[in-house]
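**Q** Structural data only, the sequence is not supplied:
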């Protein structure tokens, strides 16, 4: 055999339990110019606590910070995560949401309670303002939030305007389109509650639990099916060779 390339297939190392000498922080995993950082900064600058103060009542057990919860909602709506259970899932699994929440994991009941008691009437204004700022800076496309499919005419396909004036100016038509998106997202929440009731997502496990025996049984069935597929492909190849 010559010195040419080997026919042996080579794979990159795959080790799920690899240990890091210095584990990366969640912050290190997020690009510096990512949308989530801008959402975080904008909401911090808005002074959300002042907006929500009249809804907050003291006493009882400690609760999740309203600023953190608002950030989850706004970023969730911007990225089409529009249900309590999917937002809770994102806070558990998605590095962007995990960073926003500081590693806290509010469940769907807590998110629903916050939305119902604190965000009614506030969420639309926060979302509209944040989206307009981010669109002006080129971080989002406004038409992504138009539920009627309307496209804004411009050479680049984006809503082009001067940043400061666009945010301060009250554009009734634009604002109403963005509010309509929030109302649609709210309907998703309501529909999900009707479907699930007190249940969480199926992926968290139902009443029946998988045992190691179940896993082995399913793996055996899959292996048998794959072997049958291979046999069928071999027969087809033989028949084609005979015809040729």
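**A** Arrived safely, thanks for sending. Keep in mind that this is a model prediction, so the values were computed, not measured.

**Q** Show me which helix runs longest in the protein.
**A** The helix that spans the most residues within the chain, counting by DSSP state H, is helix 212-243.

**Q** I'd say residue 127 and residue 175 touch.
**A** No: judged on CB atoms under 8 Å, residue 127 makes no contact with residue 175 at a distance of 10.3 Å. The C-beta positions use only the backbone N, C-alpha and C, and glycine is treated the same way.

**Q** between the two, which one's more packed in?
**A** Neighbour count, other CB atoms under 10 Å: between residue 127 and residue 175, residue 127 has more, with 22 against 17.

**Q** what's the average pLDDT for the longest helix of the chain?
**A** Taken as a whole, helix 212-243 has a mean pLDDT of 81.

**Q** Then stretch 48-67?
**A** Rounded mean pLDDT across stretch 48-67 is 67.

**Q** Could you do stretch 196-205 as well?
**A** Stretch 196-205 carries an average pLDDT of 73.

**Q** Next up, the contacts around the closest residue to residue 201 other than its chain neighbours.
**A** Using CB to CB, 6 or more residues apart in numbering and skipping the chain neighbours, the partner closest in space to residue 201 is residue 85 (5.0 Å). Residue 85 is in contact with 108, 192, 196, 200, 201, counting by CB atoms under 8 Å, 6 or more residues apart in numbering.

**Q** tell me which residues in whichever helix or strand residue 85 is part of are buried?
**A** Taking DSSP states H and E as the definition, residue 85 sits inside helix 84-93. Buried residues in helix 84-93, counted by 16 or more other CB atoms under 10 Å: 84, 85, 86, 87, 88, 89, 90, 91.

**Q** Format those as JSON lines; extra columns: pLDDT.
**A** What follows is the buried residues of helix 84-93, written out as JSON lines (pLDDT from 0 to 100):
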{"residue": "84", "pLDDT": "87"}
{"residue": "85", "pLDDT": "89"}
{"residue": "86", "pLDDT": "90"}
{"residue": "87", "pLDDT": "92"}
{"residue": "88", "pLDDT": "93"}
{"residue": "89", "pLDDT": "93"}
{"residue": "90", "pLDDT": "94"}
{"residue": "91", "pLDDT": "95"}
